[in-house]
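Chemist: The sequence isn't on hand, but the structure is:
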């Protein structure tokens, strides 16, 4: 009873940095993607902390969807998914062989890339549900010769349940003959598997871009990652056709709070290496969000964030180098107070601080920016 009251009246610590995930937008994106391939299932990809959105939070949101399983990369990620997602989990990444013995086989399926892993999983017999991963042309990992693999490992394949066949497209986000080559090679592997007497339920090759471009009825599932979170999977930033016609909605918003305001006189510099020098008297607002939290140093003196104070909001450029845990903003003569809200990432794709536009400033892809958002930042689901 004493401990109960201690917890009840214990001071609540409110972090200054926060990531909000809009559940309605995630679920709307899921339904939109499902409708693009109505006869196939959608396997949401939640690896790398759900692309920065939070693995736990995304599992809770996707419990409201019809997804039969979610995809993670590793055993540590699977432990979180088992706890918070109600249905099955596909571990897509390769793991130390010892890790398989700790898995919940009732709710887990495994991508298998080689005979060594298959041989180990065969010990669990039909409890082990596997998705054979073939190398269809990306040449990063997987089974190169499916016929030879079946011949050598036939007795082990007979002991497990071959639930799926999968591969990964190397250039799905651009025009490339490799896409057609990989699709053909993948379907050939499916035919070889069926000829050998194995009929996988789940046949999945397409990622986000593949889901929006492939038209093959033999594919029974797709693995969207980036598109599920509301972002274009295509590499061309100026792909206006996709952006204008897409119903995808970015679901992530990142905010911080002003912790200090400093006055700068003309000629004075701020932050490391004097890369920003005031041409006029100005005020500098400091937020506790730096490159440790996921704000890349390439955004130094480039990005602009939205400062909200009282009934006023305005854009403030990053002033000087992004630091490890701090970033400086030039707020000019605006009346900024300690505690004022700063929107670092907007969920509005048209805003200058959207994920797509920030990634463009970094000369990189949205994937990189998103996955670098630190897991220890507080994440909050907005229902």
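Modeler: Received the coordinates, thanks. Because the structure is a prediction, the values reported are computed rather than measured.

Chemist: Check which helices and strands the helix or strand hosting residue 151 is in contact with.
Modeler: Taking DSSP states H and E as the criterion, residue 151 maps to helix 146-157. Counting contacts by 3 or more CB pairs under 8 Å, 6 or more residues apart in numbering; DSSP states H and E, helix 146-157 packs against helix 115-121, helix 177-195. In this view, the C-beta of every residue, glycine as well, is placed from N, C-alpha and C.

Chemist: And residue 381, which helix or strand is it part of?
Modeler: Taking DSSP H and E as the definition, residue 381 sits inside strand 378-382.

Chemist: show me what contacts the closest residue to residue 114 other than its chain neighbours?
Modeler: With sequence-adjacent residues excluded and distances taken as CB to CB, 6 or more residues apart in numbering, residue 114 is closest to residue 143, at 7.2 Å. By CB atoms under 8 Å, 6 or more residues apart in numbering, the contact list for residue 143 reads 113-114, 132-135, 149, 189.

Chemist: Can you report how many residues lie near the closest residue to residue 332 other than its chain neighbours?
Modeler: Nearest-residue entry for residue 332: residue 282, 5.3 Å, with adjacent residues in sequence omitted and distances by CB to CB, 6+ apart. Close neighbours of residue 282, defined as other CB atoms under 10 Å, add up to 19.

Chemist: ok so, going back, in the helix holding residue 151, what counts as buried?
Modeler: Within helix 146-157, the residues scored as buried using 16 or more other CB atoms under 10 Å are 146, 149-150, 153, 156-157.

Chemist: circling back to that earlier point, for the residue nearest to residue 332, give me its contacts.
Modeler: Per CB under 8 Å, 6+ apart, neighbours of residue 282: 263-264, 330-333.

Chemist: at 6 Å instead, please
Modeler: The contact partners of residue 282, taken as CB atoms under 6 Å, 6 or more residues apart in numbering, are 264, 330, 332.

Chemist: closest to residue 352 among the residues you listed?
Modeler: For these, the closest approach to residue 352 (CB to CB) belongs to residue 330, at 14.9 Å.

Chemist: How about residue 94: what's its closest non-neighbour residue?
Modeler: residue 113 (5.8 Å).

Chemist: Backbone dihedrals for the one you found, please?
Modeler: phi -110, psi -10 (degrees, to the nearest 10).

Chemist: Residue 286 is in contact with residue 331, correct?
Modeler: No: in this structure, residue 331 is not within contact of residue 286 by CB atoms under 6 Å, at 10.2 Å.

Chemist: quick revisit: can you lay out the buried residues of helix 146-157 as a markdown table showing distance to residue 296 and pLDDT?
Modeler: Output for the buried residues of helix 146-157, formatted as a markdown table (distance: CB to CB, whole Å; pLDDT from 0 to 100):
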| residue | distance to residue 296 | pLDDT |
| --- | --- | --- |
| 146 | 41 | 97 |
| 149 | 41 | 97 |
| 150 | 46 | 97 |
| 153 | 44 | 97 |
| 156 | 45 | 97 |
| 157 | 45 | 98 |
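
Chemist: quick one: secondary structure of residue 48?
Modeler: Secondary structure for residue 48, judged by DSSP: H, G, I helix; E, B strand; the rest coil, is helix.

Chemist: List phi and psi for the residue nearest to it when sequence neighbours are not counted.
Modeler: Excluding its sequence neighbours, the residue lying closest to residue 48 (CB to CB, 6+ apart) is residue 371, at 4.5 Å. Per-residue torsions, residue 371: phi -70, psi -10 (degrees, to the nearest 10).

Chemist: what's the pLDDT at residue 371?
Modeler: If you check residue 371, the pLDDT there is 97.

Chemist: can you tell me how far it sits from residue 46?
Modeler: 12 Å (CB to CB, to the nearest Å).

Chemist: Residue 131: what's it in contact with?
Modeler: Taking CB under 6 Å, 6+ apart as the test, what residue 131 contacts is 111, 164, 166.

Chemist: 7 Å instead, please
Modeler: 90, 109, 111-112, 163-166, 202 (CB atoms under 7 Å, 6 or more residues apart in numbering).
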